[in-house]
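J.: Fold the following, please.
(one chain, ligands or ions: 2)
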Amino acid sequence: MDKLIITGNGAADGEVWASGAKNAALPILCATLLADEPVTIGNLPHLQDITTTLELLGRMGVEPVMGERMSIQLDGAQVKDCHAPYELVKKMRASILVLGPLLAHFGHADVSLPGGCAIGSRPVDLHIRGLEAMGAVIHVEGGYIRARVDGRLKGATIFFDTVTVTGTENLLMAATLASGTTVLENAAREPEVVDLAECLIKMGAKIRGHGSDTIVIEGVERLHGAYHDVMPDRIETGTFLVAAAVTRGRVRVRKTRADILEAVLAKLEEAGGKVSVGEDWIELDMQGRRPRAVNVRTAPYPAFPTDMQAQFVAMNAVAEGTSRVVETIFENRFMHVQELNRMGAKIALEGNTAVIEGVERLSGAPVMATDLRASASLVVAAMMAEGETLVDRIYHIDRGYECIEEKLQLLGARIRRIPG
Ligand SMILES: CC(=O)N[C@H]1[C@@H](OP(=O)(O)OP(=O)(O)OC[C@H]2O[C@@H](n3ccc(=O)[nH]c3=O)[C@H](O)[C@@H]2O)O[C@H](CO)[C@@H](O)[C@@H]1O
Ligand SMILES: C=C(OP(=O)(O)O)C(=O)O
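T.: Ligands and ions are numbered 1, 2, ... in the order given. All right, here's what the predicted structure looks like:
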């Protein structure tokens, strides 16, 4: 297992670019299963989760054709086997995103149940219930979701009890090929849902209301080929900006968008950072200043994203003052707290709230990455800690951060990978 060694050396300073968004790329790759013709996806990030998705599509018979500038062409007409096996789904929960497309296009799908993960139980009941409302017959047996439909799925009005990102995406994709109109109410408004909808529209889908909490889809008989570039990764962008805040440095992130990061940028400004924004870049300047502690409460978009919570815990750990960070989306997303405390942070957990008393300095220590964003928070904390931090189990970070050590080196970090 690879490890990262980081020697804290003060202020991050420099420029880096944002890669394509993992959480947009994954549903979009699955959406290619809906078309009868090749669809080309550009600006794909080079990530373990993308490799896993391509392996999953490959098992179904879809052969990826690599193109220029990180693009890949996939042809849904090649599907021979509508099966997502446990050994791949367990590596990546987002594999559940093949369920809606396979069922809508081919009338059946057998997809392993994803199960829980480090951050919480993460059920998929709302995906299943929505597809049943569209006429699918679904049995969960032997750890698999076995879904069938006679003819086409039927349009339905579906109200989500809880806002779910991949649940919205699965039903949005399924509804594109259903007969009649589907209305998704209390739908997720995340920018990645919007990016998926825009790709589907290029493929011939009829969708309106994406980006609001009511999405209306008029089903069509078939979807065709298209080209789509994946949007920039707002969480990767936010992580680099937090690295500037934690280390009292200055970082400019290029090839990104400020309009989808408003809640995060507002909190960075509240922490004392000077935020500047250009057409496709964001800069955070915290040079020579200690961040001020900020309270944070995670909630669905456009509120503060749970995927930035761990990084803000790391910032608050070295900030001036005491803060409260409330996690409302996942029941167990504080695994980074005990590792940050091993580095000298003073964080207490009270149910779904981390109470953080900022300290002047952290010190390097051996720590364990437990999930994707927890790992990012440890790396960012290590950049300002005194001495050396060894981060173990970094396969988590490779799921979601492209070339993490090369990109952080561009910002002046002393970080290297030890292949294991
Ligand atoms: C690949 C991807 O895009 N992953 C993102 C997606 O995950 P994901 O789509 O899995 O997360 P959800 O939005 O579905 O989860 C939100 C909440 O709804 C609950 N729930 C969800 C589905 C369901 O059928 N029943 C149910 O109860 C979950 O347990 C959780 O408490 O959104 C999360 C919340 O922004 C992000 O942290 C993840 O990075
Ligand atoms: C939780 C995340 O991803 P996933 O839903 O793929 O586990 C994340 O991107 O922070």
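
J.: all helices of this protein, in order?
T.: 22-31, 48-59, 86-89, 99-106, 125-133, 165-176, 191-202, 234-247, 262-270, 309-317, 335-342, 372-384, 395-400, 404-410 (DSSP state H).

J.: Most tightly packed of those?
T.: helix 309-317 (a mean of 30; mean count of other CB atoms under 10 Å). Glycine gets a C-beta too; all of them are placed from N, C-alpha and C.

J.: what's the angle between it and helix 234-247?
T.: Orientation check (axes from the mean of the first three to the mean of the last three CA atoms, to 10 degrees): helix 309-317 against helix 234-247 gives 10 degrees.

J.: Which residues outside helix 309-317 are in contact with it?
T.: 238-239, 242, 245-246, 267, 271, 291, 293-294, 296, 298, 323, 325, 327, 333-334, 336-337, 340, 345-347, 354, 356, 358-359, 362, 373-374, 376-378, 380-381 (CB atoms under 8 Å, 6 or more residues apart in numbering).

J.: ok, now stretch 218-230?
T.: Contacts for stretch 218-230 (CB under 8 Å, 6+ apart): 20-21, 24-25, 28, 34-45, 152-153, 155, 175-182, 195, 198-200, 202-206.

J.: Check the contacts of helix 309-317 one by one and keep those near ligand 2.
T.: Contacts with ligand 2 are made by R373 out of these, judged by CB under 6 Å from any ligand atom.

J.: Can you turn the buried part of the contacts of stretch 218-230 into a ChimeraX selection?
T.: Buried residues among these (16 or more other CB atoms under 10 Å), as a ChimeraX selection:
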select :20,21,24,25,28,34,35,38,39,40,41,43,44,45,152,153,155,175,176,177,178,179,182,195,198,199,200,203,204,205
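
J.: Report pLDDT for the residue lying closest to C199 once chain neighbours are set aside.
T.: In space, and not counting its chain neighbours, C199 is closest to H228: 4.1 Å by CB to CB, 6 or more residues apart in numbering. Listed pLDDT for H228 reads 98.

J.: residues near the residue nearest to G107 when sequence neighbours are not counted, how many?
T.: Of all residues not flanking G107 in the chain, V149 sits nearest, at 5.4 Å (CB to CB, 6+ apart). A count of nearby residues for V149, using other CB atoms under 10 Å, gives 22.

J.: Kindly report the same for T328.
T.: The burial count for T328: 16, using other CB under 10 Å.

J.: Same check on T214?
T.: 15.

J.: hang on, the earlier thing: nearest to L284 among the helices of the chain would be which one?
T.: Nearest to L284 among those is helix 234-247 (4.3 Å), distances taken as CB to CB.

J.: Could you check the angle the closest one makes with helix 262-270?
T.: 10 degrees.

J.: circling back: dump the helices of the chain to CSV, plus mean pLDDT and distance to G143.
T.: Formatted as CSV, the helices of the chain follow (pLDDT from 0 to 100; distance: least, CB to CB, whole Å):
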stretch, mean pLDDT, distance to G143
helix 22-31, 98, 20
helix 48-59, 96, 16
helix 86-89, 95, 6
helix 99-106, 98, 14
helix 125-133, 98, 14
helix 165-176, 98, 19
helix 191-202, 99, 27
helix 234-247, 98, 30
helix 262-270, 98, 37
helix 309-317, 98, 30
helix 335-342, 98, 25
helix 372-384, 97, 24
helix 395-400, 93, 22
helix 404-410, 97, 33
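
J.: The ones you listed into CSV, with extra columns for distance to E279?
T.: CSV is the format used below for those (distance: least, CB to CB, whole Å):
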stretch, distance to E279
helix 22-31, 20
helix 48-59, 27
helix 86-89, 39
helix 99-106, 34
helix 125-133, 37
helix 165-176, 27
helix 191-202, 17
helix 234-247, 14
helix 262-270, 15
helix 309-317, 25
helix 335-342, 34
helix 372-384, 26
helix 395-400, 26
helix 404-410, 21
